[in-house]
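J.: Requesting a structural model of the entry that follows:
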Amino acid sequence: MITRKLLLSAAAAAALMTGCAMQPSMPGATGPAEVEAAAERLRMAMVDPAGPALTALTAPELSYGHSGGRVDTQASFIADLLNGNSDFVTLTITEQTVRLVDANTAIVRHSLAADTLDSGKPGKVALKVLGVWQRQGGQWKLLARQAVRA
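T.: This is a model prediction of the structure:
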């Protein structure tokens, strides 16, 4: 005889075997869509920088690793965008994945292609990016980022 408990156990085992286990609902939890929306707002703020938007989307503890090895803080990341040292003319994100680790942490991976005008010098970049997002004060903020050349 098949019982409800047996059916639930079988469904859980099947989900684990396929890598699609559902995460339990946590109070205040948000889904990947909220993280994706924050990442998109950051992409737009990097193309058209504004200090308040960039501050709202990044954590004060930000560690922003560039593909060339330089690491920015929140202050230096924002300053470079505002003063044109880092100037994105276009910035396209593809192949993005979002994995919620828990209610307050997400791992975001994507490919980034951009036309730049850093300090007035035209350029192109193609990167693979890993971002760690943390929910702080109810808002998703970029906590850490590391890029490598694609």
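J.: so L100 makes contact with A33?
T.: No. In this structure, L100 is not within contact of A33 by Cβ atoms under 8 Å, at 10.6 Å. Where you see a C-beta, it was placed from the backbone N, CA and C, and this is true even at glycine.
J.: which of the two has more neighbours?
T.: When L100 and A33 are compared for neighbours, L100 comes out ahead with 19 against 9, by other Cβ atoms under 10 Å.
J.: Give me the next element, helix or strand, following the helix or strand containing that one.
T.: Assessed by DSSP states H and E, L100 sits inside strand 88-102. Using DSSP H and E, the helix or strand that follows strand 88-102 in sequence is strand 105-118.
J.: coming back round to it: so what touches the strand holding L100?
T.: The contact list for strand 88-102, computed with Cβ atoms under 8 Å, 6 or more residues apart in numbering, reads 23, 26, 29, 31-32, 35-36, 39-40, 43, 46-47, 81, 106-117.
J.: now stretch 136-144
T.: 30, 34-35, 38, 42, 56-59, 61-65, 104, 106, 131-135.
J.: can we see that at 6 Å?
T.: The contact list for stretch 136-144, computed with Cβ atoms under 6 Å, 6 or more residues apart in numbering, reads 35, 38, 58-59, 63, 131-134.
J.: next one: stretch 35-53
T.: 54, 57, 81-82, 88, 91, 93, 98, 106, 108, 133, 140.
J.: Can you tell me which of these has the most neighbours?
T.: Using other Cβ under 10 Å as the neighbour criterion, W133 leads the contacts of stretch 35-53 with 28 neighbours.
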